[in-house]
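Colleague: Kindly generate the corresponding structure for this input.
(one chain, ligands or ions: 1)
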Amino acid sequence: MKRILVSACLAGLPVRYDGSAKTLASMLQTWCDEGRLVVVCPEVAAGFGTPRRPAEIQLRRNGRDVLDGTARICDNAGADVTALFIEGARHALQQALAHDCRYALLADGSPSCGSSFIHDGTFSRVAHEAVGVTAALLERHGIRVFAPDGIDELAASINVDG
Ligand code: SF4
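Modeller: Here you go, the predicted model:
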């Protein structure tokens, strides 16, 4: 069976920076019942509390740049939290590899999980097309990352691959 790494907030856990969830229903319950889901929150795994300060990748860069050491992640008080975000991404990757996940379904807009867009580092709610650091690390290890809007495409891939 092909397992799917999924952002904990999409699975209904209230782990977002503001203490909320981003629950995605539909196929997730079916996949949960099938035992396909591996639920992770990279930021909580790295030791952040909930709620916590919002953080963004600085300025209009992306998770790949963070992995390459050419961008950093700061919270809205200016603290550099790059190392912890990378630690969270590594935890997510370890979980994906341990459970043989070939797919990931990640929440959008997050500097960790952002899978089609993230915020631009100005804390002004401006988004741009880019991936977060966890999404980037998973992709570099051959795991196909899907945004919530891509759940139908993910379902089709699961049906093809089994
Ligand atoms: Fe959700 Fe990922 Fe943010 Fe955790 S790090 S709250 S799983 S988007």
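
Colleague: any idea whether Ala107 is helix, strand or coil?
Modeller: coil (DSSP: H, G, I helix; E, B strand; the rest coil).

Colleague: Report how many residues lie close to it.
Modeller: As a burial measure, Ala107 scores 25 neighbours (other CB atoms under 10 Å). Using the backbone N, CA and C atoms, a C-beta is placed for each residue, glycine as well.

Colleague: count of neighbours near Val145?
Modeller: 23.

Colleague: An error on my part: the question was meant for Val66.
Modeller: Using other CB under 10 Å: Val66 sits among 25 other residues.

Colleague: and it, what does it touch?
Modeller: Ile57, Arg72, Ile73, Thr82, Phe85, Ile86, Val133, Ala136 (CB atoms under 8 Å, 6 or more residues apart in numbering).

Colleague: what's around the nearest residue to the last one once chain neighbours are set aside, how many residues?
Modeller: For Ala136, ignoring the flanking residues on the chain, the nearest one in space by CB to CB, 6 or more residues apart in numbering is Gly63 at 3.4 Å. By the criterion of other CB under 10 Å, Gly63 has 31 neighbours.

Colleague: Now Gly63. Its backbone dihedrals?
Modeller: phi -60, psi -30 (degrees, to the nearest 10).

Colleague: Which residues outside stretch 41-51 are in contact with it?
Modeller: 7-9, 13-19, 52, 84-85, 87-89, 91-92, 112-113, 134.

Colleague: any idea what sits nearest the residue nearest the centre of the chain, other than its immediate chain neighbours?
Modeller: The centroid of the chain falls nearest to Cys113 when counting by CA atoms, centre = their mean (1.8 Å). Nearest residue to Cys113, sequence neighbours excluded (CB to CB, 6+ apart): Leu106, at 3.9 Å.

Colleague: for Asp149, same thing?
Modeller: That would be Ser116: by CB to CB, 6+ apart, it lies 7.0 Å from Asp149.

Colleague: Show me the helices in the protein, by range?
Modeller: 27-33, 42-45, 63-68, 82-98, 133-140, 151-161 (DSSP state H).

Colleague: Of all the residues in the last one, which ones are buried?
Modeller: Yep, that's helix 151-161 we're talking about. Under the neighbour-count criterion of 16 or more other CB atoms under 10 Å, helix 151-161 has Ile151, Leu154, Ser157, Ile158 buried.

Colleague: List of residues touching it?
Modeller: Taking CB under 8 Å, 6+ apart as the rule, helix 151-161 contacts Lys2, Ile4, Leu24, Ser26, Met27, Trp31, Arg36, Arg102, Tyr103, Leu105, Arg144, Phe146.
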